[in-house]
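A.B. asks: I'll drop the sequence and a predicted model, then ask my questions.
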Amino acid sequence: MPIRVLIADDALFMRNMIKEVFSGNEFEVVGEASNGVEAVEQYKKLKPDITTMDIVMPLKSGIEAVREIIKFDKNAKIIMCSALGQESLVMEAIEAGARDYIVKPFKPEKVLEIVRKVVGSDNG
């Protein structure tokens, strides 16, 4: 069964890049969100296995979205996507419940490595 992925990023090109990373692997992109409000709605509707979440998004930040998703599902697996220089925001996101993070610009193999680690973290 493929690993179901939700991609939340306000930049379409980033969503497409992340989608590209997951294509042809053991993943299925089940949804996309362009802001934090959509990310929470999509998470609740789709219940993905893993969510990639941009930190800086309109309407609701990635960190606020993480908090809301974790309230809804304490076992949610969320990986933050951040630009260089956002370390303090990444730490805040981890404290809010995110499992790990990737830094943009990212290498596809690094993204997959982190996602597999996070997805496998509950199995055992």
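C.D. replies: Perfect, thanks for sending it.

A.B. asks: which of the three states applies to the residue nearest the centre of the chain?
C.D. replies: Using CA atoms, centre = their mean, the residue of the chain that lies closest to the mean C-alpha position is T52, 1.3 Å off. Under the three-state scheme (DSSP: H, G, I helix; E, B strand; the rest coil), the conformation of T52 reads as strand.

A.B. asks: tell me the spacing between it and R99.
C.D. replies: Distance, T52 to R99, using CB to CB, to the nearest Å: 11 Å. The way it works is simple: take the backbone N, C-alpha and C, and place the C-beta from them, glycine included.

A.B. asks: joint contacts of those two?
C.D. replies: 78-79 (CB atoms under 8 Å, 6 or more residues apart in numbering).

A.B. asks: what pLDDT is listed against the residue nearest to the centre of the chain?
C.D. replies: In the predicted model, T52 carries a pLDDT score of 97.

A.B. asks: if you count neighbours, what's buried in stretch 34-41?
C.D. replies: When neighbours are counted by 16 or more other CB atoms under 10 Å, the buried residues of stretch 34-41 are found to be 34-40.

A.B. asks: which residues of the chain score low on pLDDT?
C.D. replies: Applying pLDDT under 70 to the predicted model, the residue ranges of the chain that meet it are 121-124.
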